[in-house]
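> Predicted coordinates and the sequence they were generated for:
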Amino acid sequence: MEKIYYGENENQFGELRLPAGSGPHPVAIVIHGGFWREPFTLESTEKAAIALTDEGFATWNIEYRRVGQEGGGWPGTLLDVARAADHLFTLTETHPLQVDKVVTIGHSAGGQLALWLAGRHPLPADSELTSTDKPLPVSGAVSLAGVNDLQLMYDVHNFRDQTLAQKANNPVAELLLGTPEEQPVRYKQTSPIELLPLGVPQVLIHGSLDINVPIGISDHYHRTAENAGDFVKFVELPEAEHFKLIDTSDPAWETIVEEMNLLIMNE
């Protein structure tokens, strides 16, 4: 494993792992979740990155500034993820990477970021999230229990807070610094469902027992993406909860690896 910085901040780095063989290798950009918040790090996806490397992928497990850290949240979190992805152009100069065969794969909030990377290319030039006029193209995107509809996820947390009469705990509002009514442009430019069609194959994998990100979010996204003309596959795992999707010892992981290989084979 090689730790490589794509920026100057202590959180602007990734862990690059290369599989056996001379390459060049297809690349998986691995993105951790944690509702974009400070306590959660790329350690949660380390085992997944190692397992994908064993399957023949070069893996770029990325870290980024998060809500609660200086520069994290809007727009820094999104800009970091974009910059990390685009840094593959630089890495291919010294490492045997196939930058024309890149798949993004993210868990939970990382699922949102994985699909956002696949769909950011048509963002307007004056967007705060536009960092380059030549973003890294991706061959496919995999969302593991992803937060792929930010307004719907906002609504879920808002409903819980009001129903339980508890202190506001809305990670989407924290990320975008406001409600959908207060920040409509930010929701439109950040939420994958608003960027459809993405124009690349997508796989949504979600456990039926998930209580962190309701499976209905993936179901709704799937139907909307199909109607928009994208190729998108929805895999429901009836016995999996939220964190089983990054547990490489769980049977769910075999399904994830199979879908990753299919995306690269069909490229």
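That came in fine, so what should we check first?

> Please could you give me each C-alpha atom of stretch 51-61, formatted as CSV?
Output of stretch 51-61 as CSV, limited to C-alpha atoms (Å, rounded to 0.1, in the frame of the first residue of the first chain):
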residue,chain,number,x,y,z
ALA,A,51,-10.3,-7.5,-1.2
LEU,A,52,-10.8,-5.7,-4.5
THR,A,53,-7.1,-5.5,-5.0
ASP,A,54,-6.9,-9.3,-4.5
GLU,A,55,-9.5,-9.6,-7.3
GLY,A,56,-7.3,-7.7,-9.8
PHE,A,57,-8.3,-4.1,-9.3
ALA,A,58,-5.9,-1.3,-8.5
THR,A,59,-7.7,0.4,-5.6
TRP,A,60,-7.6,4.1,-4.7
ASN,A,61,-9.2,4.3,-1.3
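
> contacts for stretch 2-19?
1, 25, 42, 46, 49-50, 53-66, 69, 71-72, 80, 83-84, 87, 91, 95-96 (Cβ atoms under 8 Å, 6 or more residues apart in numbering). Backbone N, C-alpha and C define where each C-beta goes, glycine included.

> Using ChimeraX, define a selection of the buried residues within those residues.
The ChimeraX selection below is limited to those of the contacts of stretch 2-19 classed as buried (16 or more other Cβ atoms under 10 Å):
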select :25,42,46,49,50,53,55,56,57,58,59,60,61,62,63,64,65,66,69,71,72,80,83,84,87,91,95
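
> Check which helices and strands the strand or helix carrying residue 174 is in contact with.
Using DSSP states H and E, residue 174 maps to helix 171-176. Packing partners of helix 171-176 (3 or more Cβ pairs under 8 Å, 6 or more residues apart in numbering; DSSP states H and E): helix 150-164, helix 184-190.

> Let's have the ones you listed in TSV, adding mean neighbour count.
Converted to TSV, these look like this (neighbours: other Cβ atoms under 10 Å):
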stretch	mean neighbour count
helix 150-164	16
helix 184-190	19
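
> buried stuff in the helix or strand harbouring residue 260?
According to DSSP H and E, residue 260 maps onto helix 252-265. For helix 252-265, the neighbour count (16+ other Cβ under 10 Å) marks 252-253, 255-257, 259-261, 263-264 as buried.

> Which two of these have the greatest separation?
Comparing all pairs in those by Cβ to Cβ, the longest separation belongs to 252 and 264, at 19.6 Å.

> show me the contacts for the closest residue to residue 59 other than its chain neighbours.
Closest residue to residue 59 apart from its sequence neighbours, by Cβ to Cβ, 6 or more residues apart in numbering: residue 49 at 4.2 Å. The contact partners of residue 49, by Cβ under 8 Å, 6+ apart, come to 15, 17, 28, 30, 59, 61.

> model confidence over the helix holding residue 174, on average?
Mean pLDDT, helix 171-176: 96.

> which outside residues touch it?
The contact list for helix 171-176 (Cβ under 8 Å, 6+ apart) reads 35-37, 67, 73-74, 77, 109, 147, 150-151, 153-154, 157, 179, 183, 186-187, 190.

> Pull the number of nearby residues for the closest residue in space to residue 40 that isn't next to it in sequence.
Among residues not flanking residue 40 along the chain, residue 34 sits closest, at 2.2 Å (Cβ to Cβ, 6+ apart). Neighbours of residue 34 under the rule other Cβ atoms under 10 Å: 18.

> what about the residue nearest to residue 86 when sequence neighbours are not counted, neighbour count?
The shortest distance from residue 86 to any non-neighbouring residue, by Cβ to Cβ, 6+ apart, is to residue 136 (5.0 Å). If you count neighbours by other Cβ under 10 Å, residue 136 ends up with 21.
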